[in-house]
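need a 3D model of the following:
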Amino acid sequence: MTTESISAEITEVIDAIDEELRVASKSLRFQVAGLSQQANIWKVFVEPMNSSSSLDESLEGASAWWLGPPSGSADVLSVIPDDNQLNIRYLSSPPPHKGQEIRIYPPRYLEALHDCWETSGWATQCVVWLDRVNHSQVENLADIGHIEGFPTLRSAQRQAFGLLDREHGFLWGPPGTGKTYTLGAMLAHYLCQRPTAKVLLLSTTNAAVDLALISVDEQLEALSASDRSASRLRKKCLRIGNHFVASKYKGREHLLPTPDENLIRRLADAETKVPDPADVTAYAAWKDQIKALRGQIPKPIDQAQLAAMTTTGAVFSLEALYARRPFDLIVFDEASQVGIAHALALAPLGKHVIFAGDDRQLAPVLQSGHPLAKKWLGRSMFVHKKVRGTCLLNEQSRMEESICDVVGNVFYEGKLVVAENCEANPIWHAERVVRDVAPMGRKNVYLHICEQEGMFNSKYGGP
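Numbers count the residues shown, from 1 in each chain. Model prediction:
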């Protein structure tokens, strides 16, 4: 690539992020319909001032502002959409009056990504890395007959292990094909084969990170009976960040970045006692308790041989990750939900990169309709996948055959089939017999033709 073309692409990405920030950071405008106070918390009942302003739980933690007089700001403690209710605290001035306008500003998570692309040296590496992906020549993945320690893997799942030796590759996992299990097995195998390798495991949400990391630990646990190094490696896999669900790590506390098991038990216990957000005093006290407990958890990226974290958290931690580079392997789980600009900001940290996901399911969340935003933030790296560099997990064990046929033919080029071991299992079939429902009978699949498009719903962001 020429210097000019690199510079042009960097400018495009920055403009795309700017445009999405402009739209996503727009305030939601409401008129105050009523107020009541409970302790230091104000319940603000509102009415939307335009069609694009609606309340949902994602606004918890946002900032509130009102012109006044006097003008003021506050934190959004919780939202009760059914009652058109905002609960705010930490007010900088008296609350807004009835009839006044109050604006809600969502968190600006993209600012860290914007800062990354403003760093010209690193941004250049990101663009060059993508160019290398587009111009690389890759061979077909070979069939692998056996993976030591994993006798139940299906043919395509075994083939996926060949991605571990590629500079980049795609693990395409339709629903029910065991993508998370396969990734867990691949990373457990990789660490046992390369006991000093550094791995970065990323996913889009905290829940998805928890699921992927626990899968790796489960497979290392299974291998530990025959491979002594697997037990040691389990203690080198760490969950980075403090927004995990502590209860999921019961019996696997070694994955959490703190030796204080009592702290984790207290956190897990507190998580089960979340009060009704409508009880604002109790909810505020609970949030403060959770925040205090999580604040005691360190983020020892430098101590982890396998570091698991969210993609957003990784961008915020780019400086620490940069100091640890190069990672021998980076895995993006649920990669079809990660925008290209976000993925590129992290991919050059690794010698080998695997994008795992399914681009026929959820795409990256995007609010702007600008062409550049759609190009760099609304699409995932799966638009760059090549047949030879992609492993399609084609056997699924979730859907019975007639449902699988519809899904497979519509979305997966007819390549998705019922797994052989399920096809031959009468118990599996018996669990998927549809009851006789009058007047439809026992058919598993019905096709209803809609004569018109669905209406756009601002609450759900789609038709």
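
low-confidence ranges in the stretch 101-250 of the chain?
The stretch 101-250 of the chain contains no residues with pLDDT under 70.

helices of that one, start to end?
Listed in chain order, the helices of the stretch 101-250 of the chain (DSSP state H, counting those that start in this stretch) span 110-118, 120-135, 155-159, 179-193, 206-223, 228-234.

quick one: which of those helices is nearest residue 409?
Each of the helices of the stretch 101-250 of the chain was scored for nearness to residue 409 using Cβ to Cβ, and the closest is helix 155-159 (18.4 Å). For every residue, glycine as well, the C-beta is placed using N, CA and C.

what's next to the closest one, contact-wise?
141-147, 150, 177-178, 181-182, 185, 391-395 (Cβ atoms under 8 Å, 6 or more residues apart in numbering).

ok, residue 447 to residue 454 distance?
Counting by Cβ to Cβ, to the nearest Å, the gap from residue 447 to residue 454 is 16 Å.

which of these two has more residues huddled nearby?
residue 454 (8 against 5; other Cβ atoms under 10 Å).

separation between that one and residue 407?
20 Å.

then residue 349?
For residue 349, the distance to residue 407 (Cβ to Cβ) stands at 35 Å.

higher neighbour count, those two?
Ranked by neighbour count (other Cβ under 10 Å), residue 349 and residue 407 place residue 349 first, with 21 against 18.

and the nearest residue to that one once chain neighbours are set aside, how many neighbours does it have?
Excluding its sequence neighbours, the residue lying closest to residue 349 (Cβ to Cβ, 6 or more residues apart in numbering) is residue 325, at 4.8 Å. When neighbours are counted by other Cβ under 10 Å, residue 325 registers 13.

quick check on residue 325: phi, psi?
When quoted as degrees, to the nearest 10, the phi and psi of residue 325 stand at phi -60, psi 160.

just name the most buried of the helices of the stretch 101-250 of the chain.
Highest mean neighbour count of those: helix 179-193, a mean of 23 (counted as mean count of other Cβ atoms under 10 Å).

show me the contact partners of that helix.
Helix 179-193 is contacted by residues 147-150, 153, 157, 160-161, 163-164, 171, 173, 197, 199, 201, 211-212, 215-220, 222-223, 227, 229-230, 233, 236-237, 305-306, 329, 331, 333, 356-358, 393 when judged by Cβ under 8 Å, 6+ apart.

tell me which residues of stretch 31-46 come out buried.
Residues of stretch 31-46 classed as buried by neighbour count (16 or more other Cβ atoms under 10 Å): 32, 35, 41-46.

okay, which residue is most central for this structure?
Centroid-nearest residue in the chain: residue 204, 1.5 Å away (criterion: Cα atoms, centre = their mean).

that one and residue 334 touch, don't they?
Yes. Counting by Cβ atoms under 8 Å, residue 334 is a contact partner of residue 204 at 4.6 Å.

hey, where'd the strands end up in the stretch 351-463 of the chain?
Per DSSP state E, counting those that start in this stretch, the stretch 351-463 of the chain carries strands over the ranges 390-392, 395-396, 417-418.
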